[in-house]
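Trainee: Pasted the sequence and its predicted model underneath.
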Amino acid sequence: MFHAKKADPDVRQFARRVLDVVFAAAAEKGFRRADLLETMMSKREPSPRMRVLAGQATAAIGDNLAFARVIARAGSIAGGKQ
């Protein structure tokens, strides 16, 4: 996602906002490895550890509705432009 070379710049920028909001929401709910997960994701080298951390971050946010609210927050930060 960090290196989606074929995506338009505005799409990459929105994806970055989504990730920022997701990482912040997970941290607010007690996930303490957001910086590590972000670093691992930026290296574009998926690993079992990265998948575990992503699962933990997602679980920290809560159920599907809670996650959808987090994503919606990213949209409102973007001024509704997606």
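Mentor: Looks like it came in fine.

Trainee: In terms of helices and strands, where is residue 23?
Mentor: Using DSSP states H and E, the element containing residue 23 is helix 9-28.

Trainee: Now that helix: average pLDDT?
Mentor: Per-residue pLDDT over helix 9-28 has a mean of 89.

Trainee: Tell me the helix or strand right after it.
Mentor: Using DSSP H and E, the first helix or strand after helix 9-28 is helix 34-42.

Trainee: coming back round to it: and the helix holding residue 23, which residues are buried?
Mentor: Within helix 9-28, the residues scored as buried using 16 or more other CB atoms under 10 Å are 12, 14, 17, 18, 19, 21, 22, 23, 25, 26, 27. The C-beta positions use only the backbone N, C-alpha and C, and glycine is treated the same way.

Trainee: elements contacting that helix?
Mentor: helix 34-42, helix 48-61, helix 64-77 (3 or more CB pairs under 8 Å, 6 or more residues apart in numbering; DSSP states H and E).

Trainee: Please convert those to a markdown table, extending it with mean neighbour count.
Mentor: A markdown table is the format used below for these (neighbours: other CB atoms under 10 Å):
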| stretch | mean neighbour count |
| --- | --- |
| helix 34-42 | 15 |
| helix 48-61 | 15 |
| helix 64-77 | 13 |
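
Trainee: ok, for residue 50, nearest residue in space, not its chain neighbours?
Mentor: Distances taken as CB to CB, 6 or more residues apart in numbering place residue 40 nearest to residue 50, at 4.5 Å, with adjacent residues excluded.

Trainee: how close does the one you found get to residue 58?
Mentor: Distance of residue 40 to residue 58, given as CB to CB, to the nearest Å: 15 Å.
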